[in-house]
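Q: only the shape, not the letters, is given here:
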Ligand code: AGP
């Protein structure tokens, strides 16, 4: 969580830092700050509680000068979100530090440093790390050496950048468990926690690896590995469009991203699926051969990505002829699991930086998995670099904190993975062809699903006085009900639960009354009749329904039952198609309630802490 930007240049860098923070706000947005060293070796620090815009206003007024600077947008872990706890943290009015991650042994370090006379202003672990570096700097002149020594004393995770007003021509960066990238300019260099922050100033990047630290001047970048040995890291040219940062005609990024889904999914499929099926080699060299030895798939992910995994289980077991287990990464990593022989590990992550998912991958790499593949949207991210194989979802940058196009492109990618597994396991040609055609027909179906926009915007009015909502589905629509509930709660703050419709009678049915809207996803599939029965059980207890149903599913609207016709679609891709109306419903409820749709409270897009 949190976002870091740093720059060392001949020009003033405050505007570059602010621009970068604005690009990184998806990582956290409860406070922001920057520090720059001016020509007179004066350290100028500005901080504000709240979003980057409030800091930008302050910077516009104060106009801090200086070519060496660091900046941070925070998602609070230690200490509440206020100005004192905001980064950068300062020690001895000399060094300034920004930090992503958590220092786990900060309490014992704090005691030692207090004994040495260091005074603490904030409640943060970061201030402890800052003083620790300052304590080492008392004995030598090199900031790099001081950081190197301090690093050895801390446990936990960090991506950090430090400046020293007595060494204004150098910045030092260190990575352990939280990503950092160095941007290379001409006579100027930069650091950020995500290259997105630096696209206005460079397209050339060095991605620091685990344990790396670096000394950066205007003209030189020196990288050292975890043991302190100088290393050469590859320079990568990133070809990302800045246009993704525009909302265009849309009021919110989330709405733009919902409407982008037909295009995003075309991009996911492009060059990978034709009417003849999957193009050979799209998952990477040797992947198809490796699949022949796979008889179990373990999927690990968090949040929305976990829901994508839950859908994939239905597909992989039915068409891939393999057993499949799906688990939340934060649970998987601490469970004493048994590795089924012939297992493939599949991680799913929009950002590729989710700490729990990354830890799960690293743990699995010490076990007997045949191989690992990540389904990911961010090239160059940690999960992409550390997995044996990476399959990019190609959704384009997703800015809204609530996942929309990332989810449906994950599902599309997972269906392609199912096809690959099926092929390796001898799935009949006609079934392969069924999947291929369902995939190719998907963008058009999604375009039709989006025509429900104004209908759903009207329906959303019914929800604004509600405190709770229930989402129901069966089979591969059960995870879609979970996802619908997650979307509603994260952006509208209405408490929502997703349930397998058949499970309702085992307890949750007690909650049903006229104040509890029940949203049902009801495509025309083999479980439709069962779903009809579950709905009648709720109806008999005074439930009010919103049923998203296939036109041929034979539901009729009446006073307590609102039926919304969704385009007829094959059962296979129905989970993807039915996701869109639920996204629109959450979006319009949130808009009417006046919440911060793109940056809902307490959340961050990339969860790089445990
Ligand atoms: C969903 O809208 C959230 N953005 C969240 O649940 C997210 O899916 C989760 O934090 C996992 O993130 P990842 O896909 O980047 O790993």
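A: Done, it's in. None of the values given here were measured: they were computed from a predicted structure.
Q: next, count neighbours for the residue in the chain that the ligand sits nearest to.
A: Closest residue of the chain to the ligand, Cβ to the nearest ligand atom: residue 303 (2.0 Å). Every C-beta, even on glycine, is put in place using the N, C-alpha and C of the backbone. The number of residues packed near residue 303 is 23, by other Cβ atoms under 10 Å.
Q: repeat for residue 213
A: Residues near residue 213, counting by other Cβ under 10 Å, number 22.
Q: who's it bridged to?
A: residue 174, residue 224 (DSSP bridges).
Q: now do the contacts for it.
A: With contact taken as Cβ atoms under 8 Å, 6 or more residues apart in numbering, residue 213 is in contact with 144, 147-148, 151, 172-175, 223-224.
Q: show me which of those neighbour the ligand.
A: Among the contacts of residue 213, no residue is within reach of the ligand (Cβ under 6 Å from any ligand atom).
Q: could you dump those into JSON lines and include distance to residue 376?
A: Listed next are these as JSON lines, based on distance: Cβ to Cβ, whole Å:
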{"residue": "144", "distance to residue 376": "33"}
{"residue": "147", "distance to residue 376": "30"}
{"residue": "148", "distance to residue 376": "32"}
{"residue": "151", "distance to residue 376": "28"}
{"residue": "172", "distance to residue 376": "29"}
{"residue": "173", "distance to residue 376": "24"}
{"residue": "174", "distance to residue 376": "25"}
{"residue": "175", "distance to residue 376": "19"}
{"residue": "223", "distance to residue 376": "24"}
{"residue": "224", "distance to residue 376": "28"}
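Q: among those, which one lies nearest to residue 104?
A: residue 151 (13.8 Å; Cβ to Cβ).
Q: my read is that that closest one contacts residue 176, right?
A: Yes. With contacts counted by Cβ atoms under 8 Å, residue 151 reaches residue 176, the gap being 7.3 Å.
Q: contacts only, for residue 591.
A: Contacts of residue 591 by Cβ under 8 Å, 6+ apart are 251-252, 460, 597.
Q: show me which of those are buried.
A: With burial judged by 16 or more other Cβ atoms under 10 Å, the buried subset of those is 252, 460, 597.
Q: distance check, the last one against residue 548.
A: This means residue 597. As judged by Cβ to Cβ, to the nearest Å, residue 597 and residue 548 stand 21 Å apart.
Q: and for the second one?
A: Per Cβ to Cβ, residue 460 is found 14 Å from residue 548.
Q: where does this structure have low pLDDT?
A: Within the chain, the stretches with pLDDT under 70 are 1, 239-245.
Q: re the thing from before, in CSV, list the contacts of residue 591 along with secondary structure and distance to the ligand.
A: What follows is those, written out as CSV (DSSP: H, G, I helix; E, B strand; the rest coil; distance: Cβ to the nearest ligand atom, whole Å):
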residue, secondary structure, distance to the ligand
251, coil, 19
252, coil, 14
460, helix, 18
597, coil, 12
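Q: contact residues of the chain facing the ligand?
A: 302-305, 349-351, 354, 357, 401-403, 490, 606-607.
Q: most neighbours, which of these?
A: residue 349 leads the residues of the chain next to the ligand on contacts (other Cβ under 10 Å) with 34 neighbours.
Q: what sits against residue 194?
A: Residues in contact with residue 194, defined by Cβ under 8 Å, 6+ apart, are 3, 23-24, 27, 179, 181, 606.
Q: now do residue 222
A: The contact partners of residue 222, by Cβ under 8 Å, 6+ apart, come to 214-216, 230.
Q: recalculate using a threshold of 7 Å.
A: 214-215, 230 (Cβ atoms under 7 Å, 6 or more residues apart in numbering).
Q: can you check residue 330 too?
A: Contacts of residue 330 by Cβ under 7 Å, 6+ apart are 302, 356.
Q: shouldn't it be within a strand?
A: No. Using DSSP: H, G, I helix; E, B strand; the rest coil, the assignment for residue 330 is helix, not a strand.
Q: okay, it and residue 358: tell me how far apart.
A: Separation of residue 330 from residue 358 (Cβ to Cβ): 11 Å.
Q: now do the strands in the stretch 301-450 of the chain.
A: Listed in chain order, the strands of the stretch 301-450 of the chain (DSSP state E, counting those that start in this stretch) span 323-328, 343-349, 371-376, 389-392.
Q: what's the most buried one of those strands?
A: strand 343-349 (a mean of 28; mean count of other Cβ atoms under 10 Å).
Q: what's that strand packed up against?
A: Applying 3 or more Cβ pairs under 7 Å, 6 or more residues apart in numbering; DSSP states H and E, one finds that strand 343-349 contacts strand 296-301, helix 303-319, helix 355-365, strand 371-376.
Q: figure out which of these is closest to residue 66.
A: So among those, helix 355-365 is nearest, using Cβ to Cβ, at 32.9 Å.
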